[in-house]
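Engineer: Here you go, sequence then predicted model.
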Amino acid sequence: MSLKNIYLLVTIILLIFKGYSCERLHELIYSSIEGSAACFRRLNGTHQTGCSTSDKGAVGVVHFVQDHDDVLWLATNASAGPYMAVVSTSKFGLVEFLIDHPTNIAGVLTYENASDIPSFFTHDTRCPNEFSSADGNQCSSSKEGGVVWNEKGTGLLKREIPFPIFFIPESRYEEIEKISHCFGRFNYDKNNQRGRSLCSIQLNSFMFAAINTEVCMRRSATSTIVTTTKVCDPLGDQNVYYSLFPRTKESKKQSITLVTARIDSASLFDGVSPGAASSVVGLVTLISAAAALAQLIPVSKSNLYDTNILWTLFNGEAFDYIGSQRVAYDIKRGVWPPNAPLAPTDVKLHVEIGQIGGSLSDYVNENIWPLNAFVPTLAPSTINDGENDIQIFLKQLSNAYNMTIPGIFNGSLPPSSIHSFRRILSNVTETGEMLEMLLVDHKETFTNVFYNSALDNSDKIAYAYKNISMINNVTFISTAELIADGLMKETDTQVKISRLATALAHALYQRVVGEAYTGNITVSAHLVDEMLYCFLKNETCKLLSAAEFGGNEGPREGAGPAPLYVGVTSWNTVAPVFAGHLLALLTGTQLSLNKSQCETKPESGYTRLWLKGWNHSGVCIETTMNFSQALSPAFIISDYDFKSGTYSTWTESVWQTMWARVFVSASGGSACVAAATGAVSTLIAALLTFWLRRHSSLIFVDPPSATIVVDDAASGILRSVNC
Amino acid sequence: MDLSKLPNDMKLQLCKSYFKVGCLFLPFVWAVNVCWFFRDAFIKPAYDEQKLIKKFVIMSAIGAFVWAVILVTWITVYQTNRVSWGATGDALSFIVPLGRA
């Protein structure tokens, strides 16, 4: 070979390597689908729910589903299956048909499309938490008729789904365009797909747990010699509580008004549970009302009154009331709150701020926000011609709200933490010693048609962030000034929430002090605006960076709201921490102490937190706010019978990865050619070997003796052992 | 090891020791013994040690067969009933499968 030829060869080799060595082969074949959220597996005492794939993932040919004809075609006529149905959230109802006919379906990819928002989207059951409801519940998912709270609910959140479902949010719409392009290029001729190269999707969300909570907890606890794999974790997180006045063992005599709301929401998909109308509106109302009441009644006056307000935020309520079941259970056994436990009879009134966000979008052009108060059936002896404690409070609240909040007595009680108290503390709730009231925006059916779903976002409560600067960076502008300056309107969601929170604070003031409030302290709609922004739009916000621990430096990384799904006990989520710190910052007493002094032990009944403060220089806050574990009693009672149905038994499966990718699958033709080539070459090789053995004498001058080789059957193997 | 190069007395010793090792709950050693010495025990022309070798090979074969029957029975019973045995089934399992019953 001449020098010139060698040079040419080297150049070609270099060119080949330069061109292709940068990308690995699988990167050339697959294109990852980024930003998707998968449906995953949860388990309760009797069932497994949600989705899983095999450990290698599910592969299917892409098919965009537009109408019922498409799903019918997939289920009956499609020939190149299994298929991966790609469906807009507005057509998600079609998935129900696929779930009933899953044989030809590998999975579903659903995407959010801002120009095509579904008229409803809720995958909780028609009667949320039906099996943890107190006696007298008239809502039944299985029976027709009666009350149905979540009329549009498909129940998918609590059902076993036979294939994986992935969700692509609006912010990742380009992924759908990519798939659509691939689909248009390879799969468009749907009647002629067999044996052709087709655009396909692979989804992987292999779940470790199976069967039910009992089995998965047993398998997680078993420590065999080789495997100690944890397959599931109990759902749970933290409850937040804060009392208006400090509670110590000495001040235990005070009667308590419990005001509660829920923190968590849920959705079918991992990490996407905005919960705007489901929970955030109630949560924000509670925090802002607590902040206002702390201003109305300074903590220094605590010894003047014998009523205390205990504000509590429950977590895990979407899954059979985890947080409230635990609190009620702990009150029953006298260990909650830990520093000064309550007796069940101490709680005279329990006011739950339930689901109130659903109707905000219905009254977007009006300055009203009608609410209802459900009061569970009272013992006849406690109803006393409108002079009942709860009727008095309702009247005070209605007066403060400038709008009648009608009480609904003797009806079925909507899903709320009150069910937990009525089941676990039935001896005080049934006699009327503990009165209960649930504030909601609906009557027989939820106004929120996105209950516990991935699409329950800020648009559903008609919220738009105003981004108004604070006065000197420390004070919020009052609602009256905002309206006078034209920065907000009476019809704005923020203003409506501030009106309700103000009414609640004033009514509670009257309950504590004994006379109506006449001052001018109200909840600022500016504060509400900021708080909604933090919980719905972006956790990197003014309020939360002020309420962050002082030790943390720099702005928090995070390009969206904190997910409100309760998560697993072994991993605390940020939502309750945000809510707790906000309560502390907005209600606590600011002490002029430096960081090290702040760490000293406070007076009984208080805790101290070193938070960043409004100007981020660090403040010492003395507060009565604290956290308590929101883990179902089922997991702390030894030998609890998970099938008994007494307490929440939800667990979440462990998984290793979740990913999705799109690729063009080879047509069957190339595989057949490969198999045929392999068979033919094997045959040729065999024939050649046979011929060579027969005619070895032609090739080898002195062929070796065959006697050694065929001496005995095992010798061929054994000769390799050196003896 | 090439048996053909081994003297007959060494063959007997080897066959015997394989049989003994197999007694330590190692039926595969018996099975190997059977395969390995089958030719020497039954096919080769008679020699002094053949009778004993035959005896060990037969005993190994019976042992291996009994073991195989026991193992196949147990594995069938275990695999078909593990799920219905519940907690016991899990306790008997060295590796519990992920993501299914």
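Structural biologist: In hand now; what should we look at? It should be emphasised that the depicted structure is a prediction, and the values quoted were computed from it without experimental measurement. Residues are numbered from 1 along each chain as shown, chains lettered A, B, ... in the order given.

Engineer: Show the backbone phi and psi for the residue most central in space within chain B.
Structural biologist: The centre of chain B sits closest to B:Pro27, judged by CA atoms, centre = their mean, with a distance of 2.6 Å. Dihedral angles of B:Pro27 (phi, psi; degrees, to the nearest 10) stand at phi -60, psi -20.

Engineer: Any part of stretch A:628-641 near chain B?
Structural biologist: No - on the criterion CB under 8 Å from any CB of the partner chain, stretch A:628-641 is out of touch with chain B, staying 12.8 Å away. In this view, the C-beta of every residue, glycine as well, is placed from N, C-alpha and C.

Engineer: starting at the chain centroid, how far to that stretch?
Structural biologist: 21 Å (CA atoms, centre = their mean, to the nearest Å).

Engineer: outside of that stretch, which residues touch it?
Structural biologist: A:45, A:234-239, A:241, A:314-316, A:320, A:322-323, A:325-327, A:329-330, A:336-338, A:566, A:569, A:576, A:642, A:646-650 (CB atoms under 8 Å, 6 or more residues apart in numbering or on different chains).

Engineer: these two touch, right, the residue nearest to the centre of chain B and B:Ala64?
Structural biologist: Yes - the pair B:Pro27 / B:Ala64 is scored as a contact, 5.0 Å apart, by CB atoms under 8 Å.

Engineer: Contacts only, for the residue of the stretch 51-200 of chain A found nearest chain B.
Structural biologist: Going by CB to the nearest CB, chain B is nearest to A:Ser52 of the stretch 51-200 of chain A, at 5.9 Å. With contacts defined as CB under 8 Å, 6+ apart, A:Ser52 is in contact with A:40-41, A:164, A:205-207, A:653, B:99.

Engineer: Check A:Ser243 too.
Structural biologist: Per CB under 8 Å, 6+ apart, neighbours of A:Ser243: A:308-311, A:624.

Engineer: domain assignment for chain A?
Structural biologist: A:30-214+A:659-664, A:236-631, A:671-718 (automatic domain parsing).

Engineer: Can you lay out those domains as a markdown table showing mean pLDDT?
Structural biologist: Shown next, in a markdown table, are the domains of chain A (pLDDT from 0 to 100):
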| stretch | mean pLDDT |
| --- | --- |
| domain A:30-214+A:659-664 | 93 |
| domain A:236-631 | 91 |
| domain A:671-718 | 76 |
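
Engineer: Contact partners for A:Ser478?
Structural biologist: A:522, A:524, A:526.

Engineer: List, out of those, those positioned next to chain B.
Structural biologist: Within these, nothing lies near chain B by CB under 8 Å from any CB.

Engineer: Is there a quick ChimeraX command that grabs whichever of the residues you listed are buried?
Structural biologist: In ChimeraX, a selection of the buried entries from the contacts of A:Ser478 looks like this (16 or more other CB atoms under 10 Å in any protein chain shown):
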select /A:522,524,526
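
Engineer: What is the nearest of the contacts of A:Ser478 to chain B?
Structural biologist: Once CB to the nearest CB is applied, the member of the contacts of A:Ser478 that ends up nearest chain B is A:His526, at 50.0 Å.

Engineer: what helix or strand does that closest one sit in?
Structural biologist: Using DSSP states H and E, A:His526 sits in helix A:525-532.

Engineer: Which is the succeeding secondary structure element to that helix?
Structural biologist: Heading C-terminal from helix A:525-532 (DSSP H and E), you reach helix A:542-546.

Engineer: The top helix by length along chain B and chain A in contact?
Structural biologist: What stands out as the longest helix in chain B, according to DSSP state H, is helix B:50-85. No - judged by CB under 8 Å from any CB, helix B:50-85 stays clear of chain A, getting no closer than 8.7 Å.

Engineer: list the buried ones in that helix?
Structural biologist: B:50, B:53-54, B:56-57, B:59-61, B:63-64, B:67, B:82.

Engineer: What of stretch A:323-339?
Structural biologist: Going by 16+ other CB under 10 Å, stretch A:323-339 has these buried residues: A:323-332, A:336-337.

Engineer: Now the two most distant members of those.
Structural biologist: Across those, the two members that end up farthest from each other (CB to CB) are A:Gln325 and A:Pro337, 16.2 Å apart.

Engineer: Validate this expectation: A:Thr248 resides in a helix.
Structural biologist: No - if the criterion is DSSP: H, G, I helix; E, B strand; the rest coil, then A:Thr248 is coil and not within a helix.

Engineer: Can you report how many residues lie near it?
Structural biologist: For A:Thr248, the count of nearby residues is 13 (other CB atoms under 10 Å in any protein chain shown).

Engineer: Equivalent analysis for B:Arg100, please.
Structural biologist: As a burial measure, B:Arg100 scores 14 neighbours (other CB under 10 Å).

Engineer: Could you do B:Gly89 as well?
Structural biologist: Other residues close to B:Gly89 by other CB under 10 Å number 15.

Engineer: and it, helix, strand or coil?
Structural biologist: Going by three-state DSSP: B:Gly89 is helix.
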